[in-house]
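**Q** need the 3D shape of this:
(2 chains)
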Amino acid sequence: MNSREVCIIGVGMTKLHKKAAVPVDELGRQAVMAAVKDSGISPKEIQSIYIGEMGGLSGSICLGQRICATLGLGGVPMANVESACSSGAIAVHQAWKDVATGRTDISMGIGVQHLSGSRASGTAFAPDANDPEGIQGVTMPGIYAMRAMRYMHEFGATPEDLALVAVKNRRHAMMNPYSSFQNPITVEDVLNSKMISDPLNLLMCCPNADGGAAVIVATKEKARQLGAKLVRIAASEITSGIFTNGFRDMTTMEITYRGSKEAYHMAGLGAEDINMVECHDAFVISEFLYTEAMGFCGHGEGVEFIRKGMADYGGKVVFSPRGGLLSCGHPTGCTGTAQIVEATWHLRGEAGDRQVPDCKAALTHVTGGGVYGLDNAACTIHILTR
Amino acid sequence: MDKNQNNEQQQIVFHPDFFVVPDNGEKPYLIGFSCKKCGKMWFPKLPICPDCWSDELEKKPLGRTGKLYTYTVMNVPQPGLKAPLAVGYIDFPEGVRVGAQIDMPPEKIGEIKIGMELEVVAGVVRQDSNGNKVISYRFIPVC
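**A** Now for the predicted structure:
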């Protein structure tokens, strides 16, 4: 593919709130202002803008225009994009694509979500009630619980193993001022929390959250002019699920295997080059499945990998240094963008107490969407390098 | 006149095109759809074959039992459904996997095991927004 090199010149995000005091458009504006300030550009230099929000939840049409209007950012191409939890990452992908293809020199992707204001707490996301599994009452935690049950059956993982991921990510979140949760938890706390969907307890499931994040991308030349530390987008990859209703292996996350393979190819890198990963750890089982799908270990080896601390500081690669969805909370449309903000801070060496030492390459990964017959509806992967 | 009126406990069979409850008292069964052109088997009914786009799909009744691939017991199911609710994926010998509720009384729910044989039955899976009982396929252990 003939494309220009694209760099991240500005990032910003709000704290991820259990319940934000301001409405969804204000969360978006706070993130945009932080990113513009971080970049050092004039806001009028942004030539196209994409906004990811999980559709329908804010109750707003054209949410991006609502966020941007009073910031004086109108008059440029602007589009609202939606693919469930991947929405915010796809917004950044669209901005990347504009710069990579030469359509613009500076573009912005925004991810935003105000879950507490748009859906009842204590309920679980579920597939559409009109699809054949949705009508049966299955929820997203239910689907991941079934993956976990099969994984435990095949590879001997225990509930204690599952709890390790929640404890590790909380330990990371304690160093992240942007995270929803910062109090420490133990394996016992996790196993004693309310059972949601066997074998997943409450503390093994990501909590809802509200937040906004924004990423401004530009040509390498523009990034150089600004004098900022260069953070390059080595890969920006999106893909979609493939319909199957046969005997698919639910411990093999096909869409992530495929997506990460394509992303590594685009970046000219492999798993061995990656220092940190922000993955879609909506449930603890995800980290087992994704260490394998992204090639950090073989199929079924995720248990040993995690038991030995290979996905932690001092191991092979740091998974979820910001605390992941499990501890930061999961403001669905915002998460993909917030992961890219986090990775940028690590590559610049600006991540404070949770800095991944000498971080040279970071991978961010969000899937999204429960659609009948699809592994996941969407998968978006970015590989950033310094 | 609205046929739902004057009928407090209307029952609606969901997806009658791929779940058959015979009138003659015989046991219910599911239907798979085999593509006449490429031979691929699909469930549920689809307008065209997603692999080759042929619209010639042939009805193939599935056997009544399958093997449990995985399951969970949900304590927080979708709103309006009673907990605990067991659901699982059942693999049929014809090459189709079906996700559905497993009908077990709460005191027996711990007996569900991966690999067990389950048989398809008709049952109430939920109530719709009008309070009508929605009948669809559920699974019970083979005795």
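**Q** quick one, grab the pLDDT at residue A:129.
**A** pLDDT for residue A:129: 63.
**Q** can you list the residues of chain B near chain A?
**A** Contact residues (CB under 8 Å from any CB of the partner chain) of chain B with chain A: B:14-15, B:41-44, B:50, B:69-79, B:81, B:85, B:87-89, B:91, B:95-97, B:99-101, B:114, B:125-126, B:134, B:136. Where C-beta positions appear, they are placed from N, C-alpha and C, glycine not excepted.
**Q** for chain A, just list every one of the helices.
**A** In chain A, helices defined by DSSP state H lie at A:24-39, A:63-69, A:87-100, A:140-155, A:159-173, A:187-192, A:220-226, A:254-267, A:284-293, A:302-307, A:324-328, A:332-348, listed in chain order.
**Q** how about those, which one is nearest residue A:6?
**A** Closest to residue A:6 of the helices of chain A, according to CB to CB: helix A:87-100, at 4.7 Å.
**Q** would you show me how to pick out the buried ones of the residues of chain B next to chain A in ChimeraX?
**A** Buried residues within these, by 16 or more other CB atoms under 10 Å in any protein chain shown, are selected in ChimeraX with:
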select /B:14,15,41,42,43,44,69,70,71,72,73,74,75,76,77,78,81,85,87,88,89,91,95,96,97,99,100,101,114,125,126,134,136
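**Q** report how many residues lie close to residue 46.
**A** By default, I'm working from chain A. Number of residues near residue A:46 (other CB atoms under 10 Å in any protein chain shown) recorded here: 27.
**Q** actually, chain B is the one I wanted.
**A** Neighbours around residue B:46, by other CB under 10 Å: 16.
**Q** which residues touch it?
**A** Neighbouring residues of residue B:46 by CB atoms under 8 Å, 6 or more residues apart in numbering or on different chains: B:33, B:57.
**Q** in a strand, it, correct?
**A** No - counting by DSSP: H, G, I helix; E, B strand; the rest coil, residue B:46 is not part of a strand but coil.
**Q** for it, phi and psi?
**A** Backbone geometry at residue B:46, expressed as degrees, to the nearest 10, gives phi -120, psi 150.
**Q** and the gap between residue A:288 and residue A:294?
**A** Counting by CB to CB, to the nearest Å, the gap from residue A:288 to residue A:294 is 12 Å.
**Q** so what's the residue count around residue A:195?
**A** By other CB under 10 Å, 19 other residues sit near residue A:195.
**Q** spatially nearest residue to residue B:56, not counting backbone neighbours?
**A** Distances taken as CB to CB, 6 or more residues apart in numbering or on different chains place residue B:36 nearest to residue B:56, at 4.1 Å, with adjacent residues excluded.
**Q** one step back: tell me which of the helices of chain A sits nearest to chain B.
**A** helix A:140-155 (3.7 Å; CB to the nearest CB).
**Q** who's in contact with the closest one?
**A** Around helix A:140-155, the neighbours that count as contacts under CB under 8 Å, 6+ apart are A:124-127, A:157-159, A:162, A:196-200, A:205, A:250-251, A:282-286, A:288-289, A:300, A:302-303, A:370, B:69-72, B:74, B:76-77, B:87-89, B:114.
**Q** chain center to stretch A:316-327, what's the gap?
**A** In terms of CA atoms, centre = their mean, to the nearest Å, the centre of stretch A:316-327 is set 11 Å apart from its chain centre.
**Q** residue nearest the centroid of chain A?
**A** Nearest residue to the geometric centre of chain A (CA atoms, centre = their mean): residue A:336, 3.4 Å.
**Q** returning to what we had before: okay if I get the helices of chain A as a markdown table plus distance to residue A:377?
**A** Listed next are the helices of chain A as a markdown table, based on distance: least, CB to CB, whole Å:
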| stretch | distance to residue A:377 |
| --- | --- |
| helix A:24-39 | 22 |
| helix A:63-69 | 20 |
| helix A:87-100 | 11 |
| helix A:140-155 | 12 |
| helix A:159-173 | 24 |
| helix A:187-192 | 29 |
| helix A:220-226 | 33 |
| helix A:254-267 | 9 |
| helix A:284-293 | 16 |
| helix A:302-307 | 23 |
| helix A:324-328 | 17 |
| helix A:332-348 | 13 |
